[in-house]
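Asks: pasting the sequence and the predicted coordinates here, then a few questions.
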Amino acid sequence: MILPITKLPAEILRKDTKNVDFPLSKEVKRLIKDMLDSVKKAEGIGLAAPQVGRNFNLALIYLEEAGIPAFPLINPVIKHTSKELAEIEEGCLSMPGVFGMVKRPAKVTVEAQDLKGKKITLTDDGWLARVMQHEIDHLHGTLIIDKLGKITRGKELLPKYEDNKA
Ligand SMILES: [Zn+2]
């Protein structure tokens, strides 16, 4: 089922999320399926639960274009970041039309859990590193609007998305 994507300034996008319990409830399993349908439909590369109105510590990574099968990031924690930063253009499904440069650590190590609750560790310095950091930000109420350097597209749309935290 395709879920509507929540846009700024919706309050849920600014809230912290609660950890997902194991074994996964029917509700969460269903949510993961629906998030996959929704991110495909929206042509995104990642989607965090608050973006579909749910405050779970859960995101879906959809980087099939980069050869990475879609997978859920459940209860993720950033364990290590490189000192080296990379500045890359980002957009967000919760503020469509706005794109800008965002600086983040070039390389990260993330710990999360798989569908069975088993711990997984992911280290990356490419697209996956970038998308995981963007999604983990969402899980703690942070959006690119807080981190944008130069705005490359859609500057005129910004006032529509601004909220108190920005
Ligand atoms: Zn986003």
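Replies: Cool, got the structure.
Asks: where exactly do the helices run in this protein?
Replies: Using DSSP state H, the helices of the chain run over 26-41, 127-138, 158-161.
Asks: quick one: closest of those helices to residue 90.
Replies: helix 127-138 (6.3 Å; Cβ to Cβ). Where you see a C-beta, it was placed from the backbone N, CA and C, and this is true even at glycine.
Asks: now do the closest one: distance to the chain's middle.
Replies: Distance, stretch centre to chain centre, for helix 127-138: 6 Å (Cα atoms, centre = their mean, to the nearest Å).
Asks: neighbouring contacts of that helix?
Replies: 13, 45-48, 50-51, 59, 61, 63, 66, 68, 73, 76, 78, 86, 88, 90, 92, 94, 102, 104-108, 110, 122, 124, 143-144, 147 (Cβ atoms under 8 Å, 6 or more residues apart in numbering).
Asks: return the set of buried residues in stretch 31-46.
Replies: Of the residues in stretch 31-46, those buried by neighbour count under the rule 16 or more other Cβ atoms under 10 Å are 31-32, 34-36, 38-39, 42, 44-46.
Asks: pull the longest strand from the chain.
Replies: strand 68-81 (DSSP state E).
Asks: that strand pairs with which strands?
Replies: Applying DSSP bridges, strand 68-81 is found paired with strand 58-63 (antiparallel), strand 108-113 (antiparallel).
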